[in-house]
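Engineer: Sequence and predicted structure are below.
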Amino acid sequence: RFYCLSKMIHAILVFNTQGKPRLSKFYGNYNEHEQQKIIKECFQLLSKRPENTCNFLECGSLLGIKDTRLIYRHFATLYFVFAADSSESELGILDLIQVFVETLDMKFENVCELDLIFHVDKVHHILDEIIMGGMPLETNKATVLDIVDGQEKCLKSESSSIFGGSKATDKMKSLGSKFHFG
């Protein structure tokens, strides 16, 4: 297996206090079985830690990469976990986690676990605007939200022009209502 060691972040995981994954993003080649194993082991490592311990955990070669650290924050029922090179700044990664969570909070107005379940596409879009290929792209929450909102407006505009508003579409709708299948 080949791993690119120049990446800062190797994986981003969000799971609840029961260990159910709510988001996972791997920046390496891991099959589904390996991903599930990594998520399970991360949960087992983090769930055993007392609340008053630091948010950094050496995980050795959990991801198949030497000197990897788990840097995490526990918010309500969710763990936000970044697996990063040990050479990276733990405080910088904690700040990146904070940016991600605050951006989600701004988008969903007090984000909760259900938002991650029912809006997985929006959550991934936000994450992809903040981190791409294991490297941070944007840390300004307002800029990230502007990009995400702009993309959503563009998609809505495209879908309304494709599915509605044209005479041909109206004609097809009226024809469809005349035929009853069943």
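Structural biologist: Received it, and whenever you're ready, just let me know what you need. Everything numeric in this text was worked out from a predicted model, so none of it was measured.
Engineer: Isn't Glu102 up against Lys141?
Structural biologist: Yes: shown here, Glu102 and Lys141 form a contact pair, counting by Cβ atoms under 8 Å, at 5.6 Å. Every C-beta, even on glycine, is put in place using the N, C-alpha and C of the backbone.
Engineer: Mind checking which of the two has more residues around it?
Structural biologist: Neighbour count, other Cβ atoms under 10 Å: between Glu102 and Lys141, Lys141 has more, with 19 against 13.
Engineer: How many neighbouring residues does the nearest residue to that one once chain neighbours are set aside have?
Structural biologist: Among residues not flanking Lys141 along the chain, Thr103 sits closest, at 4.6 Å (Cβ to Cβ, 6 or more residues apart in numbering). Neighbour count for Thr103, taken as other Cβ under 10 Å: 25.
Engineer: Surely Thr103 and His125 touch.
Structural biologist: No: counting by Cβ under 8 Å, Thr103 does not reach His125; the two are 10.7 Å apart.
Engineer: ok so, going back, show me the contacts for the residue nearest to Lys141.
Structural biologist: By Cβ atoms under 8 Å, 6 or more residues apart in numbering, the contact list for Thr103 reads 126, 130, 141, 144-145.
Engineer: Determine which two of the residues you listed are furthest apart.
Structural biologist: Ile130 and Leu145 (10.8 Å; Cβ to Cβ).
Engineer: Ser24 is in what secondary structure piece?
Structural biologist: strand 21-26 (DSSP states H and E).
Engineer: Report the mean confidence score over whichever helix or strand comes after that strand.
Structural biologist: Next helix or strand after strand 21-26 toward the C-terminus (DSSP H and E): helix 32-47. Mean per-residue pLDDT for helix 32-47: 92.
Engineer: tell me the pLDDT at the residue nearest to Lys141?
Structural biologist: Listed pLDDT for Thr103 reads 97.
Engineer: just Leu62 next, same as before
Structural biologist: The confidence metric pLDDT takes the value 74 at Leu62.
Engineer: How about the one helix or strand Gln151 maps to, which residues are buried there?
Structural biologist: Using DSSP H and E, Gln151 maps to helix 141-163. Residues of helix 141-163 classed as buried: 141, 144, 147-148 (neighbour count, 16 or more other Cβ atoms under 10 Å).
Engineer: Repeat that for stretch 78-95.
Structural biologist: 78-85, 88, 93-94.
Engineer: can you name the two of those residues that are farthest apart?
Structural biologist: Leu78 and Asp85 (23.9 Å).
Engineer: one step back: the residue nearest to Lys141 and Cys42, how far apart?
Structural biologist: According to Cβ to Cβ, to the nearest Å, Thr103 stands 22 Å off from Cys42.
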